[in-house]
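Chemist: Here is my input; please provide its structure:
(one chain, ligands or ions: 1)
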Amino acid sequence: MAEPGARQRRALARIAAALGETGFALPGSLVLRTTACGKAGCHCQGDPPVLHGPYLTWTRTAAGKTVTRKISQDQQARYQAWFDNARKLRQLVTDLETLSLRAFEEADGTGTSKR
Ligand SMILES: [Zn+2]
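Modeler: All right, here's what the predicted structure looks like:
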């Protein structure tokens, strides 16, 4: 394995520092959703239907299954930074992988060995 260059090592240090500064990170996404309850005679069953909500909904995947729960405006205000952190974390991981791929390509790339 060749040594990545100074520029790549600086980029790695920047990513590592940003990773180290990342706080709590909540997975998933927040979406506003409207629902129909299914009760006969409810306005959500009308023509045209007037749906319930919109509710702020937190959707994430756990053990291969989609987990959904309602979240209040107050909870959103308190936890928005944690959702933002998870997004930053994913971007940093993508950046690290891109940087590493580039370092690999420069050292051993294009399928032809330098040795
Ligand atoms: Zn309803």
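Chemist: Show me which residues of the chain are close to the ion?
Modeler: 37, 42, 44 (Cβ under 5 Å from the ion). C-beta here means a position set from N, CA and C on the backbone, and glycine is covered the same way.
Chemist: Pop out the phi and psi values for the last one.
Modeler: Dihedral pair for residue 44: phi -70, psi -10, per degrees, to the nearest 10.
Chemist: For it, give me its contacts.
Modeler: 35-37, 50-52 (Cβ atoms under 8 Å, 6 or more residues apart in numbering).
Chemist: can I get those residues in a markdown table with neighbour count?
Modeler: A markdown table is the format used below for these (neighbours: other Cβ atoms under 10 Å):
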| residue | neighbour count |
| --- | --- |
| 35 | 13 |
| 36 | 14 |
| 37 | 10 |
| 50 | 12 |
| 51 | 16 |
| 52 | 14 |
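Chemist: TSV for these, including secondary structure and pLDDT?
Modeler: Shown next, in TSV, are those (DSSP: H, G, I helix; E, B strand; the rest coil; pLDDT from 0 to 100):
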residue	secondary structure	pLDDT
35	strand	90
36	coil	93
37	coil	92
50	coil	94
51	coil	95
52	strand	94
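Chemist: Looking at those, which one is closest to residue 90?
Modeler: Distance to residue 90 across those (Cβ to Cβ) is lowest for residue 35, with 28.3 Å.
Chemist: which ones are touching the closest residue to the closest one other than its chain neighbours?
Modeler: In this structure, residue 35 finds its nearest non-sequential neighbour in residue 52, 5.0 Å apart by Cβ to Cβ, 6 or more residues apart in numbering. Applying Cβ under 8 Å, 6+ apart, one finds that residue 52 lies in contact with 34-37, 44.
Chemist: For these, which two are the farthest from each other?
Modeler: Every pair of these checked by Cβ to Cβ; the farthest is 34 and 37, at 10.9 Å.
Chemist: Identify the residues contacting the lowest-mean-pLDDT helix or strand in the chain?
Modeler: Here the helix or strand of the chain ranked lowest by mean pLDDT, DSSP states H and E is strand 29-35, holding a mean of 92. The contact list for strand 29-35 (Cβ under 8 Å, 6+ apart) reads 44, 51-60, 71, 76, 83.
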